[in-house]
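Undergrad: here is my input; please provide its structure:
(2 chains)
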Amino acid sequence: QQPVQSPQAVILREGEDAVINCSSSKALYSVHWYRQKHGEAPVFLMILLKGGEQKGHEKISASFNEKKQQSSLYLTASQLSYSGTYFCGTDPMDTGRRALTFGSGTRLQVQP
Amino acid sequence: GAGVSQSPSNKVTEKGKDVELRCDPISGHTALYWYRQRLGQGLEFLIYFQGNSAPDKSGLPSDRFSAERTGESVSTLTIQRTQQEDSAVYLCASSLAGQGIYNSPLHFGNGTRLTVT
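TA: Prediction:
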């Protein structure tokens, strides 16, 4: 089942902060975050694992609430380069599928 | 090193024709995934290969879609008797995943943009 992302879109000025949320109805092994710029491939940002471990870029922070099956991506002091569509991908525990299920994305636009 | 390579980058075909899309994963990556992305939409899982295990075909939308992978190398996604609703960007990704993808990032190719006229 597809995770739910919110908001669907957000517009920021440079330097402002944003939070993108991802919610699943299933218990998860992990949550992945990717950013896709227009016409380009999605690029890996971060993995949050059950148990608290994180793997990703130093300038990006995120949280994973295992009990609520929710993850949030925190974008602070946004830059123009942060613009793009952010996707969360989830790895549910109760399915045999060993591939990520992605949300519908959050479109982020950072303006000067 | 080289990333995930997909070809062709663009494909225009007539309704009813068959198409083959190719993916060359990063060397050493045992896991390979195909996703479909319709215009302005999210990533829709199609199929997953892991080493020599049976592929997970649970995302294929119809029997017109099939995919093959030779060992841990190139994969081909075939769409038979294409329909207009097949128009989308087809993305391939690979990862180092062993038992699962829980701790391995996906590396995506630039995709093949398929247009069915």
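Undergrad: just give me the neighbour total for B:S73.
TA: Residues near B:S73, counting by other CB atoms under 10 Å in any protein chain shown, number 12. The way it works is simple: take the backbone N, C-alpha and C, and place the C-beta from them, glycine included.
Undergrad: I'd guessed it sits against B:G28; true?
TA: No - B:S73 is beyond contact range of B:G28, at 10.6 Å (criterion: CB atoms under 8 Å).
Undergrad: so in chain B, where's the weakest helix or strand by average pLDDT?
TA: The helix or strand of chain B with the poorest confidence is strand B:44-50; it has a mean of 93 (mean pLDDT, DSSP states H and E).
Undergrad: show me where chain B has its strands.
TA: B:5-7, B:10-13, B:19-24, B:31-37, B:44-50, B:65-69, B:75-79, B:88-95, B:107-108, B:112-116 (DSSP state E).
Undergrad: ok now stretch A:3-17, how far from the chain's centre?
TA: Relative to its chain's centre, stretch A:3-17 lies at 11 Å (CA atoms, centre = their mean, to the nearest Å).
Undergrad: so which residues make contact with that stretch?
TA: Here stretch A:3-17 makes contact (CB atoms under 8 Å, 6 or more residues apart in numbering or on different chains) with A:18, A:20-24, A:74-80, A:82, A:86-90, A:101-112.
Undergrad: equivalent analysis for stretch A:41-60, please.
TA: With CB under 8 Å, 6+ apart, stretch A:41-60 has contacts from A:28-37, A:62-64, A:66, A:71, A:73-75, A:86-87, B:4, B:43, B:91, B:102-111.
Undergrad: kindly state the pLDDT recorded for B:Y102?
TA: pLDDT, B:Y102: 66.
Undergrad: what's the neighbour count on residue 104?
TA: This is for chain A. A:S104 is flanked by 16 other residues according to other CB under 10 Å.
Undergrad: should've been chain B
TA: 20.
Undergrad: so it sits against B:A31, correct?
TA: Yes - if you go by CB under 8 Å, B:S104 and B:A31 touch, sitting 7.2 Å apart.
Undergrad: re earlier: output those of the contacts of stretch A:3-17 also counted as contacts of chain B.
TA: Near chain B, taking CB under 8 Å from any CB of the partner chain as the test, the members of these found are A:87, A:89, A:101-105.
Undergrad: just flag the most distant two among these.
TA: Across these, the longest distance by CB to CB is 12.9 Å; it joins A:T101 and A:G105.
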